[in-house]
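# the sequence and its predicted three-dimensional model are supplied below.
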Amino acid sequence: MTTTDVERINERARQIAYAEGRQLLDRTGQSKAWFERASKTMPSGVASSFQVGDPYPLYLREGHGSKVTDVDGNEYIDFHNGFGAMVVGHAHPKVVEAIIRASRAGTHFAAPTPDTVLFAEELCRRFSLDKVRMANSGTEATMSAIRVARAATERDDIVKIEGSYHGHHDQVMFSVVPGSDLMGGREMPASAPMSLGVPKFLAEHTHVVPFNDLEVLARILAEHGESIACLIIEPVMMNIGVAQPEPGYLQGLKDLLHKHGVLLIYDEVKSGATIAAGGATERYGVKPDLACFAKAIGGGTPAAAFGGRADVMETIERGAAHQGTYNGNPLVAAAGLATLTEVLTPDAYAHLAKIGSRIADGCGKALAEHGIPGHTVDLGAKGCVSYRSEPLRNYRDFLETNTELYNASYPWMINRGVFMTPGDEEQWTLSVQHTEADVDRYVDAFAELCAELAR
């Protein structure tokens, strides 16, 4: 594709983005009104900065099955699914039943309950963990796993992947979405903070390496290995669309880390229970020392957990602090147990694999037919369209994606009843309640967009 071809498509994308954006504003007046009201009590009018919209987000009223409805009464097929939390779909009868049963018996005691024990047993079975502890969010899970790794190794520093997000605690808020001017050279990526308010001295203790690259890691370990407690990684990188580990990368990573006495932590907040029943360990065959989970394991409740090797987790019993008033509360435990044992069954994963291939193949054919530079990724419940012809290996590849195409696709799809995640770094999430007709609607709308872009 020539530079002229790309510019022609980009100009068409800008025209589409403008027209569709105006149409979206015209049909979401109540969301605008709620935004104006919410802005009086919440910064940016939302409960989390991930929910910020331009010029305002859609405010949702309800969700059932594979669909959600906004406050203006517009219905959408939901491919956002709560940033990946709702693989069960909305208001799944078995999850609703578990929540009602738990609420009638008492939603919180700050004391152990049988359902908490059963939930822990299922997490250990499914994800090949020796022992597990509960939390309330992915941020809490990764924060606690890093603390336990430090306690187990008696070291302070950590390594993270360039362009990965592991929650909003200070230690991991470096090199999350760095611009090209802040990244540093490939040989030694810079540790640039994502947020105001992050102590500057932490940059000295947070080392950054590219995904799918063992050479840079080897150099950092050679220089700082005696100070490094752990490396935390999304085993399949999902803060840039989707980048999969290359063959041998995860095993090579583990071997290299263990050579220096460094622990391997999987951040499976997005991949756990979505890319396979047993997450990345099942899909890629490499078991970490610790792993963190949230989102899909709770059926829409604030469930999270971290766990792994018994000798590492038992550091908690020897003084590594891990607390939380709501950890493993009976409401969340009941919902999580129902999610993992009654909803996300082998039949459910067979269904997700079928419709995941259907949506990725359909979108891939549309890109190819109309000459739109992009590719698709299919990981069962997870997948994406990425506007770069070649698959992504790492964050620097992601910076080459065409944001003009995403800017056109978002309002186009929303206006055709397809609810998507905001941001070109996100993925679609399918649920067990999605049908082939649901994914065909996505593919049809996307194919129409590709045809318009190619005009």
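Everything's here; your move. Numbering: from 1, shown residues only.

# go through the helix or strand containing residue 347 and flag the buried ones.
The secondary structure element spanning residue 347 is helix 346-370 (assigned by DSSP states H and E). When burial is assessed from 16 or more other CB atoms under 10 Å, helix 346-370 yields the following buried residues: 348-349, 351-353, 355-356, 358-360, 362-364, 366-367, 370. The C-beta positions use only the backbone N, C-alpha and C, and glycine is treated the same way.

# now swap in stretch 54-71 and tell me
Taking 16+ other CB under 10 Å as the neighbour-count basis, stretch 54-71 is seen to contain the buried residues 56-60, 63, 65-71.

# my guess is residue 366 contacts residue 445, does it?
No. Contact criterion CB atoms under 8 Å: residue 366 and residue 445 do not qualify, at 9.9 Å.

# return the distance of residue 28 relative to residue 20.
Taken as CB to CB, to the nearest Å, the spacing of residue 28 relative to residue 20 amounts to 12 Å.

# OK, contacts around the closest residue to residue 365 other than its chain neighbours?
Once its chain neighbours are removed from consideration, residue 365 has its nearest residue in residue 447; the separation is 7.9 Å (CB to CB, 6 or more residues apart in numbering). Remark: with contacts taken as CB atoms under 8 Å, 6 or more residues apart in numbering, residue 447 is in contact with 362, 363, 365, 366, 369, 370.

# in helices only, show me the buried residues of stretch 54-71.
Secondary structure from DSSP state H places none of the buried residues of stretch 54-71 in helices.

# closest to residue 161 among the residues you listed?
Proximity of those to residue 161 was ranked by CB to CB; the top entry is residue 57 with 28.3 Å.

# show the pLDDT at the closest residue to that closest one other than its chain neighbours.
Distance criterion CB to CB, 6+ apart; nearest residue to residue 57, sequence neighbours excluded, is residue 51 at 5.5 Å. For residue 51, the model assigns a pLDDT of 92.

# neighbours around residue 51, how many?
15 (other CB atoms under 10 Å).

# stretch 116-135: which residues count as buried?
Within stretch 116-135, the residues scored as buried using 16+ other CB under 10 Å are 116, 118-120, 122-124, 126-127, 129, 131-135.

# should've said stretch 276-285
Quick answer for stretch 276-285 (16+ other CB under 10 Å): 276, 277, 279, 280, 281, 283, 284.

# isn't the fourth one right next to residue 264, touching?
No. Using CB under 8 Å, residue 280 is not in contact with residue 264; the gap is 11.4 Å.

# related to what we said a few turns ago, which of the three states applies to the residue nearest to residue 365?
Taking DSSP: H, G, I helix; E, B strand; the rest coil as the rule, one finds residue 447 in the helix state.

# centre-most residue in this protein?
Nearest to the geometric centre of the chain sits residue 270, at 3.7 Å (CA atoms, centre = their mean).

# how about the residue lying closest to it once chain neighbours are set aside, what does it touch?
Taking CB to CB, 6+ apart as the measure, residue 270 lies nearest to residue 238, with 4.5 Å between them; neighbours along the chain are not counted. Taking CB under 8 Å, 6+ apart as the definition of contact, the neighbours of residue 238 are 270, 271, 382, 427.

# redo that, cut-off 10 Å
Taking CB atoms under 10 Å, 6 or more residues apart in numbering as the contact definition, residue 238 lies against 84, 164-165, 267-271, 274-275, 377, 379, 382, 384, 425-427.

# do the same with residue 214
Each residue near residue 214 by CB under 10 Å, 6+ apart is listed here: 221, 246, 248, 249, 252, 253, 255, 256.

# farthest pair in these?
Checking these against each other with CB to CB, the farthest-apart pair comes out as 221 and 246, at 19.3 Å.

# which one's more surrounded, the two?
Here residue 221 and residue 246 are set side by side on neighbour count (other CB under 10 Å), and the busier one is residue 221, at 22 against 14.

# how near is the residue nearest to residue 270 to residue 383?
As defined by CB to CB, residue 238 lies at a distance of 11 Å from residue 383.

# same deal with residue 88?
The span separating residue 88 from residue 383 equals 18 Å under the rule CB to CB.

# follow-up on the earlier one: overlap in contacts of residue 280 and residue 264?
With contacts defined as CB under 10 Å, 6+ apart, the residues shared by residue 280 and residue 264 are 233, 235, 250, 286, 287, 288, 291.

# considering the contacts of residue 214, which possesses the most neighbours?
residue 253 (24 neighbours).

# I'd like the average pLDDT over the helix or strand it falls within.
Taking DSSP H and E as the criterion, the element that holds residue 253 is helix 249-259. Model confidence over helix 249-259, given as mean pLDDT, is 98.

# how far does it sit from the chain's center?
Taking the mean of its C-alpha atoms, helix 249-259 sits 23 Å from the chain's own mean (CA atoms, centre = their mean, to the nearest Å).

# any idea how far whichever helix or strand comes after it is from the chain center?
Sequence order places strand 263-267 as the next helix or strand after helix 249-259, per DSSP H and E. Mean-position distance between strand 263-267 and its chain equals 16 Å (CA atoms, centre = their mean).

# any idea how far the following helix or strand past strand 263-267 is from the middle of the chain?
Once strand 263-267 ends, the next helix or strand along the chain (criterion: DSSP H and E) is helix 279-284. Remark: helix 279-284 is offset 16 Å from the chain centroid, using CA atoms, centre = their mean.

# let's number from 34 now, not from 1
Fine by me, first position is 34 from now on; the one you just mentioned is helix 312-317.

# now do helix 312-317: everything it contacts.
159-162, 266-269, 277-278, 280, 282-284, 299-301, 303-310, 319-321, 324, 326, 329-330, 412-413.

# list buried residues within the residues you listed.
Using 16+ other CB under 10 Å as the threshold, 159-160, 162, 266-269, 277-278, 282-283, 299-301, 303-310, 319-321, 324, 326, 329-330, 412-413 are the buried ones among the contacts of helix 312-317.
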